[in-house]
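>>> the sequence and its predicted three-dimensional model are supplied below.
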Protein chains: 2
Amino acid sequence: MKNPSTVIVNRISIEKSDFVVLPGGYVNQNEDVEAAMERIVSESTGLEKILFKQFAVFGGANRSFGNNLVHHKVFKTASEKAMLKWLSKRFVSICYLALVDYSKIKLKPTQFMDTAAWLPINQVKKLAMDHADIVKSAHDSLLKEMPYAPIASNLLPARFTLPELQALVESILNRTIDRPNFRRKILSTGMIAKVGVDSSNKRRPADLYSFKHGRNTSLIDEYKFGF
Amino acid sequence: MKNPSTVIVNRISIEKSDFVVLPGGYVNQNEDVEAAMERIVSESTGLEKILFKQFAVFGGANRSFGNNLVHHKVFKTASEKAMLKWLSKRFVSICYLALVDYSKIKLKPTQFMDTAAWLPINQVKKLAMDHADIVKSAHDSLLKEMPYAPIASNLLPARFTLPELQALVESILNRTIDRPNFRRKILSTGMIAKVGVDSSNKRRPADLYSFKHGRNTSLIDEYKFGF
DNA sequence: TTTTTTTGAGTCAATATGACTCAAAATTAA
DNA sequence: TTAATTTTGAGTCATATTGACTCAAAAAAA
């Protein structure tokens, strides 16, 4: 991973007001909350059937983009007025996260959002409302979830090498890992199985692995804490 | 803990239809989601300022108590008709859990709920809609959160003995723990500090401890997984 | 006074971890 | 063609942690 610390953002422009926000949208009356999330993600990224985690709900009474708006501005077009009304609502955000390979994604604007782009995670302070807090919360949750769930599997092909897996984990944990120790631990869990050899270019051929279907992917001995 | 595996439930009776449900209610337009939860909990239990965890959102498009209703029944009173309308809505539930000492709680009925009672966890199948799934989800989340967060602190007095803490953890994990090993691990984390001696009845006096304020209460070395 | 119960402290083998070295397989350079 | 370089797989070893114990101290009960 060259630079995995990047999030998808949308830009909304009204008059002189400019918002950079995380992708989001409404849940329809007769729609699963999860289906709504998948619809919105699909609209913006084309991604389907990837692994998400619902990590937080932001439900403060005063959560609105109205505070970011310049209220005395004149909003001319009907579209702008509708957008203004939308932005002034009180939002309850049910937040999901997913890890994806951004090199394989073609971002598109959506119904409510003008442009879509990748924002380096060290620039999240530019985000409107409390969206920087949401990113922070997502990252915390991701680290906490790491030892249990293979959310990272969105980032790996069906067959991958141990060095590939290690590079991924290193980028999530943001630290280097001793290669022999990583290999020892991962293999000892039995969560992956050798399925072939990487015959591609590079140097010495690496063994190819796959996650064992339906198998426990926990990195820590569940519910054991040293007692 | 004699029998900690118990949840609070409300019973709703309309005509011959009978629902046993988890406590719940609406979020008002200008109310924090969290404040609403606290209000509902307070109404039903009188509990204030306890530690909660928001663990899941249940948002299926067909989540309604309408499916549990006998539709051809005649609902006579205005109250019953209002209740019927309420029960037939599509619900999105933002779910919170807390661990409490049920021996100290006096349950009260609320605006929407007729009676309040404790239901042993092995009888959750009696719950209406998907509330049994919610309880299951809460338990899973609780176990996953165990090594990190002191949600259990609701169950302990400000000053407690190590055997008391151990009994609590044993009841949550539903297994016995070796006493010397538990003591060694807990003390090695430095999350609690000795604050006195238990001079009460019983046998040999036990040391009293308190959680160190603002201290990390993680039982596992964060973000270390054997590599 | 003796026994029983409960709590605090310690031992020790087995296991897991952290920090390494070394060799094999392929590419690249000489 | 050979040597150096890079990447991957395998192994070593001291240290730290864990799991299963024993033992003694303090208080109540016999």
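Now that the structure is in, tell me what you want to look at. Predicted, not measured: the structure shown is a model, and the values here were computed from it.
>>> can you list the residues of chain A near chain B?
A:27, A:29-35, A:54, A:56-57, A:59-61, A:90, A:92, A:94, A:143-144, A:146-148, A:173, A:177-178, A:181-182, A:184-186, A:219-220, A:222-223, A:225-227 (C-beta under 8 Å from any C-beta of the partner chain). C-beta here means a position set from N, CA and C on the backbone, and glycine is covered the same way.
>>> of those residues, which ones also sit close to DNA strand C?
A:178, A:181, A:184-185 (C-beta under 7 Å from any atom of the strand).
>>> I'd guess A:S13 is in a strand, am I close?
Yes - looking at A:S13 with DSSP: H, G, I helix; E, B strand; the rest coil, it is inside a strand.
>>> counting by contacts, list what the worst-scoring helix or strand of chain A on mean pLDDT packs against.
One helix or strand of chain A scores below all others by mean pLDDT, DSSP states H and E: helix A:78-87, with a mean of 77. Here helix A:78-87 touches strand A:6-14, going by 3 or more C-beta pairs under 8 Å, 6 or more residues apart in numbering or on different chains; DSSP states H and E.
>>> next one: the least confident helix or strand of chain A to chain centre, how far?
Using C-alpha atoms, centre = their mean, to the nearest Å, the mean C-alpha position of helix A:78-87 is found 28 Å from that of the whole chain.
>>> ok, and what's touching the helix ranked longest in chain A?
If you go by DSSP state H, chain A has its longest helix at helix A:131-145. For helix A:131-145, the surrounding residues in contact (C-beta atoms under 8 Å, 6 or more residues apart in numbering or on different chains) are A:7, A:21-22, A:53, A:55-56, A:58, A:93, A:95, A:97, A:99, A:121, A:124-125, A:127, A:151, A:172-173, B:148, B:222-223.
>>> of these, which belong to strands?
A:7, A:21, A:53, A:55-56, A:58, A:93, A:95, A:97 (DSSP state E).
>>> those: which two are farthest apart?
A:V21 and A:K53 (20.2 Å; C-beta to C-beta).
>>> between these two, which is the more surrounded one?
A:V21 (19 against 16; other C-beta atoms under 10 Å in any protein chain shown).
>>> do I have it right that the more buried one meets A:L127?
Yes - counting by C-beta atoms under 8 Å, A:V21 touches A:L127, with 6.4 Å between them.
>>> mutual contacts of those two, please.
Shared contacts of A:V21 and A:L127, counting by C-beta under 8 Å, 6+ apart, come down to A:V9.
>>> how's chain A carved up into domains?
A:6-145, A:151-211 (automatic domain parsing).
>>> who wins for proximity to B:T45 among those domains?
Nearest of the domains of chain A (C-beta to C-beta): domain A:6-145, 21.0 Å.
>>> what's the first-to-last distance across the closest one?
19 Å (C-alpha to C-alpha, to the nearest Å).
>>> buried set for the helix or strand harbouring A:A36?
Using DSSP states H and E, A:A36 maps to helix A:33-45. If you call a residue buried by 16 or more other C-beta atoms under 10 Å in any protein chain shown, then helix A:33-45 has these buried ones: A:33-34, A:36-41, A:43-45.
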